[in-house]
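**Student:** Here you go, sequence then predicted model.
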Amino acid sequence: MTLSLTVANSLADLDTPLLVLALPKGAAASGDIDAANMATGGALSRALSRRDFRGGRDETLHLAGGEKGIQRVLLVGLGSGADRPASLRRAASIAARQANRMGVGSLAFYAGSLDATESEAVGSGLIIGAWQYREMQAAPSADDERTPLASATIVAGGADARGDDARRGAEAAAAIGEGHSLARRLGMLPGNVCTPDYLADTARDIAKRHGMKVTVLGRAEMERENMGSFLCVAQGTPQDPKLIALEYMHGPSGAAPVVLVGKGLCFDSGGISIKPAQGMEWMKFDMCGAAGVLGAMEAIARLGLEVNVVGLVGSTTNMPSGTAVKPGDVVQASNGKYIEIINTDAEGRLVLADVLTYAKRWSPAAVLDAATLTGAAVIALGHTATGVMGREADSALVDEVLAAGRRSGEPGWPLPLWDDYKELIKSDVADVKNSGGRPAGTITAALFLAEFAEGYPWVHLDVAGTAYTESDIGTVPRGPTGVPVGTFVEFVRGRAR
């Protein structure tokens with residue numbers, strides 16, 4: 001269940017098991033936070049004057065309060081960053097995670113006066129930090145049980161309190177949080193549960209609840225569409241592959257839609273070019289691009305944006321078997337191009353080739369695809385930034401996507417799609433080959449996709465380093481991060497304004 005958000009105008013008469021104070025460097029215990037200082041018997045002012053707490057980024061200090069009113073106080077540092085919404089989002093996430101550890105059940109969050117953007121950032125951070133996956137774990141013992149964080153109050157106070165703005169921000173955060181949580185849950189589900197059929201059923205549920213049109217193609221339908229690139233990945237598994245289309249048409253009639261595309265490899269063994277056994281269990285996250293599309297469609301519908309959006313998901317599993325595609329095989333995509341298979345572990349681009357071709361039927365205003373596509377993206381950018389790529393003709397669209405990522409707290413970084421790199425994916429026997437080797441691997445993968453993203457503006461997001469994390473990074477634990485839901489939603493919101 002996603003965290004419930006409410007808004008209060010001030011700290012006066014606040015009754016909460018935990019008050020979170022998000023403070024910048026050099027903050028003093030005065031003005032609006034006098035109530036918290038009184039609740040702690042002056043411990044707050046002493047901690048600040050003694051510099052026990054200095055307001056650095058991610059710094060925390062826990063103070064005991066009274067039996068009633070403000071019962072505990074958690075100080076969280078905002079640091080000295082210039083981007084206040086980003087600092088608030090991060091502090092709120094850290095606070096919510098700490099609240100879960102404490103088992104308080106609810107909290108109030110105060111960071112001074114908040115406008116709509118800042119309130120949304122706080123709400124988003126609280127939802128991100130509060131999210132937990134417990135579906136497949138036995139109930140803890142009474143001694144170990146902690147009440148999960150279920151509700152939070154954003155205190156929008158200050159001398160120039162803007163309660164209505166803060167409420168609008170909190171409402172938007174709640175809508176986006178539902179999509180974010182959906183994507184993270186799908187990512188966390190094991191591959192034997194989150195199958196292509198499961199993703200299709202999830203899309204049908206979204207469509208039913210929000211009045212969208214849904215279309216699902218299986219193996220037989222894709223054969224009729226001549227999707228030989230997608231189907232060659234699926235030929236090693238008995239599971240039926242799925243191409244899923246969700247249509248949200250709330251914009252002007254006939255207006256070209258934004259199309260969001262996601263790679264949905266529910267498990268990627270590498271196929272015949274099999275991956276090393278160590279760490280292979282993380283390959284259940286190879287469908288995070290698809291989860292991002294479904295989460296974004298959920299959030300867009302909840303926000304009620306007046307825009308036309310199509311969400312496309314290409315989903316299968318990549319398995320070794322007697323029928324699996326082999327290195328050296330040549331297949332034909334639905335746009336007629338022939339592809340030489342160099343590495344069967346470069347399978348996501350083969351799936352997306354036919355999905356990107358399929359997107360053309362909507363005559364889209366723009367197409368954004370997201371995929372955990374290359375390990376090279378992790379080497380190039382680590383786990384901090386998403387790789388963002390587009391053709392020179394689409395440079396304005398690239399900038400638009402990068403700006404959306406910054407606003408949503410999902411930063412990206414551009415990589416060049418120069419023609420010089422195309423030499424690496426030239427084939428001796430086909431039109432193109434699916435791997436150019438290790439050099440510039442993220443770029444050549446995007447250039448491969450560009451061969452099929454024809455007839456419309458297009459940008460590719462490689463989220464291999466940002467869609468999930470193998471270590472606790474403070475704001476989220478090990479597992480799915482929810483990227484690229486925020487980027488997708490913020491991009492569409494920008495188009496709807």
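**Tutor:** Received the coordinates, thanks.
**Student:** So what's the gap between stretch 63-75 and the chain middle?
**Tutor:** With C-alpha atoms, centre = their mean, to the nearest Å as the basis, stretch 63-75 stands 34 Å off its chain's centre.
**Student:** which parts of that stretch are buried?
**Tutor:** Buried residues in stretch 63-75, counted by 16 or more other C-beta atoms under 10 Å: 63, 65, 69-75. To be clear about C-beta, it is placed using only N, CA and C from the backbone, and glycine gets the same treatment.
**Student:** quick check: mean pLDDT across that stretch?
**Tutor:** Averaged over stretch 63-75, pLDDT sits at 94.
**Student:** Only C-alpha atoms, please: export it in CSV.
**Tutor:** Only the C-alpha atoms of stretch 63-75 are listed here, as CSV (Å, rounded to 0.1, in the frame of the first residue of the first chain):
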residue,chain,number,x,y,z
LEU,A,63,15.8,13.3,19.9
ALA,A,64,13.2,12.1,22.4
GLY,A,65,10.1,14.2,22.8
GLY,A,66,7.2,14.0,25.2
GLU,A,67,4.5,11.4,25.9
LYS,A,68,2.0,13.4,23.9
GLY,A,69,2.1,15.9,21.1
ILE,A,70,5.5,15.7,19.5
GLN,A,71,6.8,12.3,20.8
ARG,A,72,10.0,12.1,18.9
VAL,A,73,12.1,14.4,16.7
LEU,A,74,14.3,13.4,13.8
LEU,A,75,16.6,15.9,12.4
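**Student:** tell me the two of the buried residues of stretch 63-75 that are most distant?
**Tutor:** 69 and 75 (17.4 Å; C-beta to C-beta).
**Student:** residues contacting residue 280?
**Tutor:** Residue 280 sits next to residue 269 when contact means C-beta atoms under 8 Å, 6 or more residues apart in numbering.
**Student:** after the longest helix anywhere in the chain, next one along is what?
**Tutor:** Looking across the chain with DSSP state H, the single longest helix is helix 163-188. Using DSSP states H and E, the helix or strand that follows helix 163-188 in sequence is helix 196-210.
**Student:** tell me which strands and helices the next helix or strand after that next one is in contact with?
**Tutor:** The helix or strand immediately downstream of helix 196-210 is strand 213-217, counting by DSSP H and E. Where contact means 3 or more C-beta pairs under 8 Å, 6 or more residues apart in numbering; DSSP states H and E, strand 213-217 is packed against helix 196-210, strand 242-249.
**Student:** Tell me which stretches of the stretch 251-400 of the chain form strands.
**Tutor:** 258-268, 308-318, 330-332, 338-340, 366-371, 386-390 (DSSP state E, counting those that start in this stretch).
**Student:** Put together CSV for those, with distance to residue 42 on each row.
**Tutor:** CSV is the format used below for these (distance: least, C-beta to C-beta, whole Å):
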stretch, distance to residue 42
strand 258-268, 53
strand 308-318, 53
strand 330-332, 73
strand 338-340, 71
strand 366-371, 50
strand 386-390, 46
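**Student:** Residue 36: which of the ones you listed is closest?
**Tutor:** Taking those one by one with C-beta to C-beta, strand 386-390 is closest: 37.8 Å.
**Student:** Which secondary structure elements does that closest one sit against?
**Tutor:** helix 375-381, helix 395-408, strand 412-414, helix 441-450, strand 458-462.
**Student:** Distance from the first one to the middle of the chain?
**Tutor:** So that's helix 375-381. With C-alpha atoms, centre = their mean, you get 18 Å for helix 375-381.
**Student:** pLDDT on it, on average?
**Tutor:** 97.
**Student:** Output that helix as CSV, restricted to C-alpha atoms.
**Tutor:** The C-alpha trace of helix 375-381 is given here as CSV (Å, rounded to 0.1, in the frame of the first residue of the first chain):
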residue,chain,number,x,y,z
GLY,A,375,26.5,-3.2,-18.8
ALA,A,376,28.6,-0.6,-20.6
ALA,A,377,26.2,2.1,-19.3
VAL,A,378,27.1,1.2,-15.8
ILE,A,379,30.8,1.4,-16.6
ALA,A,380,30.4,4.8,-18.2
LEU,A,381,28.0,6.4,-15.8
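**Student:** what packs against it?
**Tutor:** strand 386-390, helix 441-450.
**Student:** Select, out of those, the one closest to residue 122.
**Tutor:** Of all those, strand 386-390 sits nearest to residue 122, with 23.2 Å by C-beta to C-beta.
**Student:** And the contacts of that closest one?
**Tutor:** 377, 380-381, 397-398, 401-402, 405, 410-417, 442-443, 446, 457-466, 483-484, 487.
**Student:** List the pairing partners of that strand within its sheet, with orientation.
**Tutor:** strand 412-414 (parallel), strand 458-462 (antiparallel) (DSSP bridges).
**Student:** elements contacting whichever helix or strand comes after the shortest one?
**Tutor:** Which is strand 412-414. Counting by DSSP H and E, the next helix or strand C-terminal to strand 412-414 is strand 432-433. Using 3+ C-beta pairs under 8 Å, 6+ apart as the contact test, the elements touching strand 432-433 are strand 338-340.
**Student:** Of all the helices and strands packed on helix 375-381, which one is nearest residue 470?
**Tutor:** From the helices and strands packed on helix 375-381, taking C-beta to C-beta, the stretch that ends up closest is strand 386-390, at 16.7 Å.
**Student:** Okay, angle between the closest one and helix 395-408 too, please.
**Tutor:** 160 degrees (axes from the mean of the first three to the mean of the last three C-alpha atoms, to 10 degrees).
**Student:** In three-state terms, label the closest residue to residue 27 other than its chain neighbours for me.
**Tutor:** Distances taken as C-beta to C-beta, 6 or more residues apart in numbering place residue 55 nearest to residue 27, at 5.6 Å, with adjacent residues excluded. When classified by DSSP: H, G, I helix; E, B strand; the rest coil, residue 55 comes out as coil.
**Student:** Now do the contacts for residue 402.
**Tutor:** Counted by C-beta under 8 Å, 6+ apart, residue 402 has contacts 388, 412-414.
**Student:** Residue 295: which of the residues you listed is nearest?
**Tutor:** Looking across the contacts of residue 402 and measuring by C-beta to C-beta, the closest to residue 295 is residue 412, at 17.5 Å.
**Student:** what's the spacing between the closest one and residue 402?
**Tutor:** 5 Å (C-beta to C-beta, to the nearest Å).
**Student:** neighbouring contacts of stretch 118-125?
**Tutor:** 5, 7, 22, 84-86, 88-93, 95-96, 109, 111, 114, 152, 154, 156, 165-170, 172-174, 176-177, 180, 409, 475, 486.
**Student:** How about stretch 264-275?
**Tutor:** 191, 194-196, 198-199, 233, 236, 239, 242, 244, 280, 283-284, 286-287, 289-291, 313-320, 324-327, 343-345, 347-348, 351, 372.
**Student:** What is the neighbour count of the residue lying closest to residue 115 once chain neighbours are set aside?
**Tutor:** Distance criterion C-beta to C-beta, 6+ apart; nearest residue to residue 115, sequence neighbours excluded, is residue 165 at 5.0 Å. Counted with other C-beta atoms under 10 Å, residues neighbouring residue 165 total 19.
**Student:** from memory residue 165 sits against residue 114, does it?
**Tutor:** Yes - counting by C-beta atoms under 8 Å, residue 165 does reach residue 114; the two are 7.4 Å apart.
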